[in-house]
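Chemist: this one's sequence-less:
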């Protein structure tokens, strides 16, 4: 079975003390993950060392950065390099979240550089893709996400593509009052897998975990994760509530 992942994205939320308590409460549930299951906490930069220490003794629990810079090093005040993350023994980094694309104008080319740097430093990128409402309403969502993958991931070798995680975000269903159905989630995940297969073959495409990032909640996680091409979730708001995220972890296949 493909790796199944419950990934928390705290975004710019929680004080250090609140984050520490949240981790304590989640880990207190003592969920024993199976070999093919992982839980990842993408936390703000100041909390990375604390989070890594909290999960250090837990099987298949990891800390992740929410972003990295697309240059190796240099005079980029305020930025954080992949080498810095690697020196902290961070295993994962979110790349290309919709908020980074929208608010910070990150392009597919910039994200390709980030993916390359992550892999060079043995950090697994969680590569985000997805379309806005206007694109969904125009019916061109498949073409749009295809270009995102082609321009940011297709420089990778077959061996490298097996070492990444993809997260699909239906931006049009987040904060718009519109709801993505389970069928729509499965349809897009299947398309994303087919795009990978078109370049690298079906066998390799079937090894790449694809997470769903469209308002995963405690009450819909099980149904979403049961879709054949949905391999877990990249969870925002619900990851900030211990009871909710515990239920989401327990919903993994």
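Modeler: Done, it's in. Quick caveat: nothing in here was measured; it's all calculated off a predicted structure. Numbers count the residues shown, from 1 in each chain.
Chemist: tell me where this protein has helices.
Modeler: Counting by DSSP state H, the chain has helices at residues 16-27, 48-55, 82-87, 98-104, 108-120, 133-138, 141-153, 158-161, 182-200, 202-205, 221-225, 242-250.
Chemist: could those helices go into JSON lines alongside distance to residue 8 and mean pLDDT?
Modeler: All C-beta atoms are positioned from the backbone trio N, CA, C, and that covers glycine. Output for those, formatted as JSON lines (distance: least, C-beta to C-beta, whole Å; pLDDT from 0 to 100):
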{"stretch": "helix 16-27", "distance to residue 8": "8", "mean pLDDT": "98"}
{"stretch": "helix 48-55", "distance to residue 8": "10", "mean pLDDT": "98"}
{"stretch": "helix 82-87", "distance to residue 8": "17", "mean pLDDT": "98"}
{"stretch": "helix 98-104", "distance to residue 8": "15", "mean pLDDT": "96"}
{"stretch": "helix 108-120", "distance to residue 8": "19", "mean pLDDT": "98"}
{"stretch": "helix 133-138", "distance to residue 8": "25", "mean pLDDT": "93"}
{"stretch": "helix 141-153", "distance to residue 8": "23", "mean pLDDT": "98"}
{"stretch": "helix 158-161", "distance to residue 8": "24", "mean pLDDT": "97"}
{"stretch": "helix 182-200", "distance to residue 8": "19", "mean pLDDT": "97"}
{"stretch": "helix 202-205", "distance to residue 8": "26", "mean pLDDT": "98"}
{"stretch": "helix 221-225", "distance to residue 8": "12", "mean pLDDT": "96"}
{"stretch": "helix 242-250", "distance to residue 8": "6", "mean pLDDT": "98"}
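Chemist: as TSV, those with distance to residue 6 and mean neighbour count would be great.
Modeler: Output for the helices of the chain, formatted as TSV (distance: least, C-beta to C-beta, whole Å; neighbours: other C-beta atoms under 10 Å):
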stretch	distance to residue 6	mean neighbour count
helix 16-27	10	16
helix 48-55	13	18
helix 82-87	21	18
helix 98-104	19	15
helix 108-120	20	19
helix 133-138	26	14
helix 141-153	22	18
helix 158-161	22	15
helix 182-200	16	18
helix 202-205	22	14
helix 221-225	8	20
helix 242-250	5	19
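Chemist: of all the ones you listed, which lies closest to residue 7?
Modeler: The closest of the helices of the chain to residue 7 is helix 242-250. By C-beta to C-beta, the value is 9.7 Å.
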